[in-house]
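A.B. asks: using only what follows, build the 3D model:
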Amino acid sequence: MGFPGTWMTESESVVYRVVPKCACSTIGQIMFYSDHGEFFDGDIHDAQDGLHKWSLEHSQPKIESNVKAHNSYAFTCVRNPYTRILSSFFDKICGIQRNGRRYRGNMVPLLIQRYGIEVGDPETGFEFDQVQSFRRFLLFARDTIRWRRPMEPDIHWSAMSGHVSTFIVNGGRYDKIIHTEAFNDGMQQVMDAIETPQAVDLGDIPRFNESEGHGPKRAHPVEDYFDDLSMHLVYEIYKRDFDLFKYDFDNPGNKMPIGEIDLDEVHAKLGE
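C.D. replies: Numbering: from 1, shown residues only. As a prediction, this is how the structure comes out:
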C-alpha cells in the first residue's frame, strides 16, 4: 500500500502526511517555500514538481526509503471533527469547485434526490436552510462511512484517524501531530526541529485556503448545526478522532483541543 497522501520536500528536510481539510494547502506551500524560497503558483495540490508526493510515481521510492528508515522529521495536522465536517459540507457539497463545476459531478444531484439536501445557488446568493441541509448531509456522510452506500466515503469527511493510520501501519512514525486550531505554535515547533534550505518566517506566511470564496458563508455559530441526533452521528463517525486528538465532543462550540496529543497512544492504537 505504501504511503498514500504523503508529501516530502525535495531536500528531504521534512515528511508530511496530508489530512484533508486540515490546513494542508498552507502546509504544502510552507514546505515548497522552505526548499525554493517562493510559493507554488497555484493550488499546491496541483503541483507536479518541486515537492515529492506519493501520487507521483517518481517520488514513491524516495518517500518509501525515507519514511521506513525515519530519516526525516515526520508530522501531520488534525482539526476539530465538528468544524472539519462543517467545512467539508460548505466546500465540497455547497461550493462550486475550481473547475467551475460541482464536486464529483453527479454526487450533489444524488444528495438532493435521496437525502433532500439543498445547496443553494451562486446566482441567488446561496440562500437555503443551512442547518437542515447540513444535518441531512451528516446522514449521508454516516451512510458512506458505515455502509459504503450510496458511495465510498470521500477523503474530505472520512475520519482523520484513518488518514493518519496508513502512515503508521505501513512503517512510518510521527514526530509531531499539530492542531489546526493552534497552527502557528505547532508549525513553529516543526520548523524549529528541522533544517531547511530557505528560512521560513511563519509570521509572513499567508493562509492558503483554496476552498474559500466559492461557496456559501456559514450563517450560524458551529453549535447551531448540531442537535442531539447530529452529535450522535458525529460521535458514531469520529469517536476515535475525538479521543486520540483530544477534542471536546460534549461542546460543539469549543473548537479548541482539550489536551495534548499522546504520540505513543496514537501509534499504539492506530498501528494495530
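
A.B. asks: Tyr174 in helix, strand or coil?
C.D. replies: Using DSSP: H, G, I helix; E, B strand; the rest coil, the structure places Tyr174 in coil.

A.B. asks: roughly how far apart are it and Val15?
C.D. replies: 9 Å (C-beta to C-beta, to the nearest Å). Backbone N, C-alpha and C define where each C-beta goes, glycine included.

A.B. asks: do Pro206 as well
C.D. replies: 23 Å.

A.B. asks: if we can go back for a sec, higher neighbour count, Tyr174 and Val15?
C.D. replies: Using other C-beta atoms under 10 Å as the criterion, Tyr174 and Val15 rank with Val15 on top: 27 against 21.

A.B. asks: need the contact list for the nearest residue to the more buried one once chain neighbours are set aside.
C.D. replies: Closest residue in space to Val15, ignoring its immediate chain neighbours: Ala74 at 4.2 Å, by C-beta to C-beta, 6 or more residues apart in numbering. Residues in contact with Ala74 (C-beta atoms under 8 Å, 6 or more residues apart in numbering) are Val14, Val15, Tyr16, Arg17, Val67, Phe167, Gly172, Arg173, Tyr174, Asp175, Lys176.

A.B. asks: follow-up on the earlier one: any common contacting residues for Tyr174 and Val15?
C.D. replies: In contact with both Tyr174 and Val15: Ala74, Phe75, using C-beta under 8 Å, 6+ apart.

A.B. asks: Phe242 touches Pro252, doesn't it?
C.D. replies: No. The pair Phe242 / Pro252 is not scored as a contact, 11.2 Å apart, by C-beta atoms under 8 Å.

A.B. asks: burial count for Gly37?
C.D. replies: 12.

A.B. asks: likewise for Asp243?
C.D. replies: By other C-beta under 10 Å, the burial measure for Asp243, its neighbour count, is 13.

A.B. asks: OK, contacts around it?
C.D. replies: Counting by C-beta under 8 Å, 6+ apart, Asp243 makes contact with nothing.

A.B. asks: could you list the low-pLDDT ranges of the stretch 151-272 of the chain?
C.D. replies: 210-214 (pLDDT under 70).

A.B. asks: same thing but at 90, please
C.D. replies: By pLDDT under 90, the low-scoring segments of the stretch 151-272 of the chain are 204-217, 272.

A.B. asks: can you pull out the strands in it?
C.D. replies: 176-179 (DSSP state E, counting those that start in this stretch).

A.B. asks: show me where the stretch 1-150 of the chain has strands.
C.D. replies: Ranges of strands in the stretch 1-150 of the chain, per DSSP E, counting those that start in this stretch, are 6-8, 14-17, 52-53, 73-78.

A.B. asks: possible to save those strands as CSV with mean pLDDT and distance to Tyr247?
C.D. replies: Output for the strands of the stretch 1-150 of the chain, formatted as CSV (pLDDT from 0 to 100; distance: least, C-beta to C-beta, whole Å):
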stretch, mean pLDDT, distance to Tyr247
strand 6-8, 98, 24
strand 14-17, 98, 19
strand 52-53, 98, 28
strand 73-78, 98, 8
